[in-house]
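Engineer: Kindly generate the corresponding structure for this input.
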Amino acid sequence: MKTIFILLLESSAAMALFYAVYWFFLRKETFFRLNRYYLVGALFLSVLLPLFPVTYTVWRATSGLANENLSLLGLASSQMSLSSQVSHEKLFYFLTTLYLAGAFFVLLRLILQTISITRTIKDSEVIRNENLTLVKNNRYDLPFSFFHLVFYNPGIHLQEDLPGILAHEKVHIREQHWFDLVIAELWSVFFWFNPFVWLYERAIRQNHEFLADAGVLAQGHPVGRYQALLINQLMGVPVAGITSHMSFAFNTTRFTMMTIKQKQKRRAFRLAFALPVLALLLWAFAEPDLKSRTDPGNSGTMSPSVPAASEIKVSGKILKPDGTPLHGTSVILMGTTTGTMSGADGTFELRITANKPASLVYSFVGYVTKVQKIEPVDHDVTLKTCQMVEAVIPIGRQTTASVPPPPPPPPPSDAKKVQKGAESTGNIGVPPPPPPPPPPPPSSGDKVQKNTPESNLEEMFIVVEELPEYPGGEKALQFYIQEMTAKTAQANGIKGKALVEFVVNEEGNVADVLVKSQDNDDVAKAAVKIVSGLKQWKPGKQRGKPVPVRYALELKF
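Structural biologist: Sure, this is the predicted structure:
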């Protein structure tokens, strides 16, 4: 789905191309009505083409697990770091605020102009003349039409000039030029940053005056007298964006358009210059509709799927240190991209290749990662209960427990295995390759994907582990600790160090603060007070669910 800014930029580019066609090929032509339709249609097409792009089908050849791993790799590579996300969010909020502020001021200008005209209607004399509604006012010097109303100043315009003025404004009203102006004003609100939208508005107004002049002269009004009437209006001031006034675009071009002969109709085919622009935009805004098929041959037919090797079912149960079930634990077949997760009762099921040595990796944020080996067997296996050990994650250089993360997925293999977990509909496993490379930091998380066999399209299984995050990151946490320990030591005259453990609970609050070691009681009390004063964290998460995580922090006074 395109973002609003991409749509605005694409629409702006389309406006520029369509306007270039008008400027170079159509603006000097006498087909005023055709130009009117072109200008208004170009504004609509500039928005509709990016909003409803043409789609085309792109077939992707898949090779089972390897192709799915490439998709997973693309998913992982698209994730930005926290700092990048913050900078992008700040830029997004700045651009959004700037855009909305500009749109607000343009809209406010239009509203104030409209309010001014409506107040004038209430304070003026309104009469009927020649099937027109006239507003006799002393506020505006310039005659103009506003929807179905005609405004003129009787103190400035002579009675003998009134027929020409009414004939001119009657064309605007009869042909409903106000509709084009409303569209142009609305587009200027949304695309105020695009200079071409203002050029469109001016071109539409100018074309309206060409149409009105042609309509007046078609009624038999003398050209010279009508031109003299326009000269008398030269000093008028525009009233509002949605009004049509006689002196707009008053220049030699307008006089020339009154006297120029109607050009040959075949010149209307110059409008065809817009077709290459339309084709270019359709191509530029087109979006692919990605579809997959397995190993297509030269003949275009599907190759037969590779039969699955024999497999066995492995099941077990995962518990917390207190003996209660640990729901949502990631269970990964080491060396593969096969995995599942424990259910609400802590149990899990996984299918692996028979007669092959294997190892299962149990991972849950805030707990020590465990690896359990499985000997080669040819029958289903029920493992012993696995009791996880709560990890203490050190802050700084002091460590009280190691927290090995789950191993990363290896390069994909060609073999495919169907796996089913406790809370997933199934996944695909492969025989384990040689031992994997060293694991990444625990905060990066781990992703495991289920492959999709041709006969059974299944949901992708993703394991997401997130450690708690202090506001501002580790630097902000270290700055707070250093500042508070220095202030406390200076104020109370204490010296020493203390090792404190605490839990960042599901709400992100610091809880269960416990001193593990200290040089003296004064240092211990000060350390507890400082740790208890930490700001609220972003809680740790296991597969999107907040979970408590224990930390260890050494404070030196």
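Engineer: and the closest residue in space to Asp378 that isn't next to it in sequence, how many neighbours?
Structural biologist: Of all residues not flanking Asp378 in the chain, Ala354 sits nearest, at 5.0 Å (CB to CB, 6 or more residues apart in numbering). Bear in mind the C-beta positions are built from the backbone N, C-alpha and C, glycine included. Counted with other CB atoms under 10 Å, residues neighbouring Ala354 total 16.
Engineer: wait, doesn't Ala354 sit right on Ile374?
Structural biologist: No. Contact status for Ala354 versus Ile374: not in contact, 10.8 Å apart, counting by CB atoms under 8 Å.
Engineer: follow-up on the earlier one: which residues does the residue nearest to Asp378 contact?
Structural biologist: Residues counted as contacts of Ala354 (CB atoms under 8 Å, 6 or more residues apart in numbering) are 309-312, 376-378.
Engineer: I only care about the residues you listed that end up buried; give me the PyMOL line for that.
Structural biologist: In PyMOL, this line selects whichever of the contacts of Ala354 come out buried by 16 or more other CB atoms under 10 Å:
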select buried, resi 311+312
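Engineer: pLDDT for the contacts of Ala354 - can I get that in CSV?
Structural biologist: Listed next are the contacts of Ala354 as CSV, based on pLDDT from 0 to 100:
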residue, pLDDT
Ala309, 60
Ser310, 83
Glu311, 83
Ile312, 86
Pro376, 82
Val377, 81
Asp378, 80
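Engineer: Would you format the contacts of Ala354 as a markdown table with secondary structure and distance to Leu112 included?
Structural biologist: Output for the contacts of Ala354, formatted as a markdown table (DSSP: H, G, I helix; E, B strand; the rest coil; distance: CB to CB, whole Å):
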| residue | secondary structure | distance to Leu112 |
| --- | --- | --- |
| Ala309 | coil | 76 |
| Ser310 | coil | 79 |
| Glu311 | strand | 74 |
| Ile312 | strand | 77 |
| Pro376 | coil | 82 |
| Val377 | coil | 82 |
| Asp378 | coil | 84 |
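Engineer: quick one: which two of the contacts of Ala354 are the most distant?
Structural biologist: With distance counted by CB to CB, no two of the contacts of Ala354 lie farther apart than Ala309 and Val377, which are 14.4 Å apart.
Engineer: what about Met341, how many neighbours?
Structural biologist: Applying other CB under 10 Å, we find 23 residues neighbouring Met341.
Engineer: The one 3 residues further on now?
Structural biologist: Burial measure for Ala344: 10 neighbouring residues, criterion other CB under 10 Å.
Engineer: try Leu48
Structural biologist: By the other CB under 10 Å criterion, the neighbourhood of Leu48 contains 13 residues.
Engineer: again with Lys356
Structural biologist: 16.
Engineer: Wait, it touches Asp378, no?
Structural biologist: No. Taking CB under 8 Å as the definition, Lys356 is not a contact partner of Asp378, at 10.2 Å.
Engineer: For Pro376, what are phi and psi?
Structural biologist: Taking degrees, to the nearest 10, you get phi -60, psi 120 for the backbone angles of Pro376.
Engineer: Next SSE downstream of the helix or strand hosting Thr485?
Structural biologist: In the assignment (DSSP states H and E), Thr485 maps to helix 473-492. Following helix 473-492 in sequence order, the next helix or strand is strand 497-504 (DSSP H and E).
Engineer: Would you map the strands across the stretch 301-450 of the chain?
Structural biologist: For the stretch 301-450 of the chain, the strands identified by DSSP state E, counting those that start in this stretch occupy 311-319, 330-333, 339-341, 347-353, 358-363, 370-374, 381-382, 386-387, 392-395, 417-419, 427-429, in order along the chain.
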